[in-house]
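**Q** any chance you can model this:
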Amino acid sequence: MALVACMALVAVTMHIPAVSAHADATTPAAVGVTLGLDFGNGTVISFSDLEGTDVLNLTQSAVEVTVSWTGDLAFVTSIAGVTNMPVEGRWWQYWVNGVFGTVAANKHRISDGDHVVWKLTASAFSTENTEAPEPLLLLLTALVAVSFALVLVVGRVNLRRGPHT
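**A** Numbers count the residues shown, from 1 in each chain. Coordinates of the predicted model:
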């Protein structure tokens, strides 16, 4: 989430034609792609049988998209007229075939039959599945946190004792 916030603060907003910073003209468009838009309020819109070369290009083929550019990296600021909500900590983020997008939307190439979903959400690393985290995962996370805290405490105690002789 911090990365998303930093990108938003650093990005210089300017409107560039949709062809800028996309796949070059020789990149064939993926076909049969589906696009879902989850507005985070119960409204979900789906499009099917779309074509595009990357996530941004695909999305722009179906709805209006506003972006901020940092170099040649697109940061989506609004989709279908609905803007990011920084005060609430909600941002447009995408998943391709259920996997969270870790690169700018204009850099993520798509393939035939892909399923792209945009969500206006607070959780950058959630999955398309909005179920609660597995109890085992929560337990492992707690164990890692406790282990890290113990390492810090032991390290401080050893520093206070000085070098061993």
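**Q** beta partners of T66?
**A** The partner list for T66 in beta bridges (DSSP bridges) reads S78.
**Q** list the residues that contact it.
**A** H15, V76, T77, S78, I79, T83 (CB atoms under 8 Å, 6 or more residues apart in numbering). Bear in mind the C-beta positions are built from the backbone N, C-alpha and C, glycine included.
**Q** show me where this structure has its helices.
**A** Taking DSSP state H as the criterion, the chain carries its helices at 2-10, 55-62, 135-161.
**Q** which one of those helices has the lowest average pLDDT?
**A** Here the lowest mean pLDDT among the helices of the chain goes to helix 2-10, at a mean of 35.
**Q** on that earlier part again, need the contacts of T66 in TSV with distance to L56 and pLDDT, can you?
**A** Output for the contacts of T66, formatted as TSV (distance: CB to CB, whole Å; pLDDT from 0 to 100):
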residue	distance to L56	pLDDT
H15	13	32
V76	7	97
T77	12	97
S78	13	98
I79	10	98
T83	16	98
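**Q** which of these sits closest to V33?
**A** V33 lies nearest to I79 out of the contacts of T66, by CB to CB, at 16.0 Å.
**Q** is it true that the closest one touches V63?
**A** Yes - shown here, I79 and V63 form a contact pair, counting by CB atoms under 8 Å, at 6.0 Å.
**Q** domains for this protein, by residue range?
**A** Structural domains annotated on the chain: 2-121, 132-165, as defined by automatic domain parsing.
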